[in-house]
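Engineer: I would like to see how this sequence folds:
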Amino acid sequence: MGNVENEDIIWKDRVHHMWFPFSFTKYYVANDRLYVEKGLLKTDYNETLLYRILDLKLTRTLGQKIFGTGDITLYAKADSEGTILLHNIKKPKETKKMFSNLIENIRNNKNIVGKEFYSGMHGTHGGPIDVDGDGIPDIFDDPDDDGSSGF
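Structural biologist: You can find the predicted model right below:
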C-alpha cells in the first residue's frame, strides 16, 4: 500500500478490539478504491474498485453495540474476492452510508449501470438476469420487440 499514503484518503479505520484500534488489519478508501492491509509478519494487500461493490450489509452483535463497532460486509463483482468483511469498525452506520454514497457517486460519474457487472446468463446469486423487470431473462429478450403482440 506504499502509494496510498500519497493519495487523498477519504476514510480509514482498522479492526477494533472493544473500542481500541489495536490490530494489524487496516482499511483505506482513496482514489475510488478500497484498500485492505492485513498482517504483521506476512502482509496481504487487497484493492477493490468501489464501483464493483454491488451490495452492503451491516451486522452488529450486542457486544459491538456496547463498544460502538460493527461489521460491514461488501459484496463485490471481483475476480479475487467476492466478499469483503470490514470487521469491528467504529461508527458502522455512518461508514455504511458513506460507502453507499461513494459507490453511487462513482457509478454516476462513470456512467456505469448494474447490467455492466454481469456476464453470461446469471447474476451474482445464480439466477437469470432480468434488468428490465419484465419477467423474461434478458438473454431471451428480443431487442427489436416493442412490447406489442401484433400477430
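Engineer: please count neighbours and contacts with C-alpha atoms only from this point.
Structural biologist: Fine.
Engineer: host element of residue 99?
Structural biologist: Counting by DSSP states H and E, the element that carries residue 99 is helix 92-109.
Engineer: buried set for that helix?
Structural biologist: Residues 92-93, 95-96, 99-100, 102-104, 106-107 are the ones in helix 92-109 that count as buried (16 or more other CA atoms under 10 Å).
Engineer: what's the closest of those residues to residue 11?
Structural biologist: Closest approach to residue 11 among the buried residues of helix 92-109 (CA to CA): residue 95, at 8.6 Å.
Engineer: from residue 93, how far out is residue 48?
Structural biologist: 21 Å (CA to CA, to the nearest Å).
Engineer: ok so, going back, want to throw the buried residues of helix 92-109 into CSV with pLDDT and distance to residue 66?
Structural biologist: Below are the buried residues of helix 92-109 laid out as CSV (pLDDT from 0 to 100; distance: CA to CA, whole Å):
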residue, pLDDT, distance to residue 66
92, 96, 13
93, 97, 14
95, 96, 17
96, 97, 18
99, 96, 23
100, 95, 24
102, 95, 28
103, 95, 29
104, 94, 31
106, 93, 33
107, 91, 35
